[in-house]
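# Return a 3D structure for these sequence lines:
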Amino acid sequence: MSNFLAPPAYKPEIQDQEKVRSKYKSMRWQVFLGIFIGYAGFYIVRKNFSMAIPMLAPFGFEKGELGVVLSMNAIAYGFSKFIMASVSDRSNARKFLPLGLILAAVSMMFMIVPIQWIGAEHKTWAIILMAALNFLVGWFNGMGWPPCGRVMTHWFSIKERGSWMSVWNCAHNVGGALVGPMAVYGAVWFGSWFYGTQADHYFLIGTYAFPAAVSILIAIVAYCLIRDTPQSCGLPSIEKYRNDFAKNYTEKSEEVLSTKEIFKTVLSNKFLWYIAFANAFVYMVRYGCLDWAPTILTEKGIDIKNAGWAYFSYEIAAIPGTLICGWLSDHVFHGRRAVPTIIFMAIVAVFVIIYWQFLDNINVVVTCLIAIGFFIYGPVMLIGVQALDLAPKNAAGTAAGLTGFMGYVLGTALLANVVIGYVAQAWGWNWTFILLIAACLISIIFMGFTYKEEQYLAKNNK
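Residues are numbered from 1 along each chain as shown. You can find the predicted model right below:
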């Protein structure tokens, strides 16, 4: 690990308790704002290629080859979220997050090159370069979650973390929602500056250059706000400050581990594997419902406009559902994550069944998609929180990276996209719904394996 990314040294602890309370309060809000804004910035430069695909057909690019380019992002993100997390656990979050965001932005900006300067005349090379750049975009995006997880474990204790992370998790909805408007207005405001009367090129600025420039500015703001640990600011650890200790907390949790020690700690923890597999099946349901909804609905005769609104409703419903789920995990279940996750996934299964049985009724279908979106994102968020809870603080990013890897590579790319696609093609949609219901049940079973491990939290509140 380079000296540039090395965690800052601890400062002498402030002894004035009133000053500690005042500084802790202000610094927690400051670092939280930093990771919220910073993580939203990653979503401004993550899925932009999807926005560009409809504009690339007139240039001579075909959907199949563009689909290969698109897949590079998800594959890279899944691997990076796990591998780069081990680097993050040994790095200064204040530098690691902005660095990843700037690299993602620069990679996104260079997506203009294969279209403008190589073009369909040399299609093979253009596609290879686009795929490589989209892979880099996904890889550097994988540097976003781990430092945020590191900040969360150091600045927020286990019994309050669910509420704080439910709010922070909305950053990806905020960032993702900005991509569309930025693509439109970026092209309108700046397209003519670069391309004059070549209006067919304006989208390159709106989709790639403008969001990349904004993300670089966000990275600078995030750097100014984020601080790595309380101890680097002369404050006591969050456990000491709030008298709120995780079951696996020891003084060694404050030390920086080697890469070998981090992987050994994470990969030998059976409870992390339980929630990682649970996450794969939660993601299968999440993206199995989301990605295939427009196709299912249009095949059932529902016009594409209504299908689009159903898709939109699914995502918007995630925000209140995530906030409520996080609040429940902290204030009703006292920091336990398994119980609310099981409850929410059981409710998701019920709405998947109703969705399946009333596919021809647009009102019922939209209601079910809203309900599934409302209830599915809580478990998505809580599994990430639980990964932070179950691992030592100095390996928390890698622990969350493991669940992310299983969610995106196994749950999304393999199960939600490939398996459901082939099952729908060979045996029809009925079998895809059976798979989604089975995935809900399997996720519940794996989460049940962690139930006893969290019971000490309930006992501590008696």
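# Low-confidence ranges, this protein, go.
Where the chain drops to pLDDT under 70, the residues are 1-2, 63, 244-257, 291, 294, 298, 302-312, 456-462.
# My read is that Phe49 contacts Asn134, right?
Yes. Counting by Cβ atoms under 8 Å, Asn134 is a contact partner of Phe49 at 5.5 Å. In this view, the C-beta of every residue, glycine as well, is placed from N, C-alpha and C.
# in the stretch 301-450 of the chain, which spans are strands?
Read by DSSP state E, counting those that start in this stretch, the stretch 301-450 of the chain holds no strands at all.
# Can you show me the helices along it?
For the stretch 301-450 of the chain, applying DSSP state H, counting those that start in this stretch gives helices covering 304-316, 318-331, 338-357, 362-390, 396-405, 420-427, 429-448.
# Single out the most deeply packed of these.
helix 396-405 (a mean of 30; mean count of other Cβ atoms under 10 Å).
# Tabulate the CA atom coordinates of that helix in PDB.
The C-alpha coordinates for helix 396-405 follow below in PDB (Å, rounded to 0.1, in the frame of the first residue of the first chain):
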ATOM      1  CA  ALA A 396     -15.500  -4.300   7.300                       C
ATOM      2  CA  GLY A 397     -15.000  -3.100   3.700                       C
ATOM      3  CA  THR A 398     -13.900  -6.600   2.600                       C
ATOM      4  CA  ALA A 399     -16.800  -8.200   4.400                       C
ATOM      5  CA  ALA A 400     -19.300  -6.000   2.600                       C
ATOM      6  CA  GLY A 401     -17.300  -6.500  -0.600                       C
ATOM      7  CA  LEU A 402     -17.900 -10.300  -0.300                       C
ATOM      8  CA  THR A 403     -21.700  -9.800  -0.100                       C
ATOM      9  CA  GLY A 404     -21.500  -7.300  -3.000                       C
ATOM     10  CA  PHE A 405     -19.500  -9.700  -5.100                       C
END
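# what's next to that helix, contact-wise?
With contact meaning Cβ atoms under 8 Å, 6 or more residues apart in numbering, helix 396-405 is reached by 78-79, 81-86, 88-89, 142, 145-147, 149-150, 152-153, 262-263, 265-267, 269, 272-273, 275-276, 279, 383-384, 387-388, 390-391.
# how about Ala6, phi and psi?
When quoted as degrees, to the nearest 10, the phi and psi of Ala6 stand at phi -60, psi 140.
# Contact partners for it?
Shown in contact with Ala6 (Cβ under 8 Å, 6+ apart): Arg90, Ser91, Asn92.
# how about 7 Å then?
By Cβ atoms under 7 Å, 6 or more residues apart in numbering, the contact list for Ala6 reads Asn92.
# So which bits of stretch 31-43 are buried?
Within stretch 31-43, the residues that qualify as buried are Val31, Phe32, Gly34, Ile35, Phe36, Ile37, Gly38, Tyr39, Ala40, Gly41, Phe42, Tyr43, counting by 16 or more other Cβ atoms under 10 Å.
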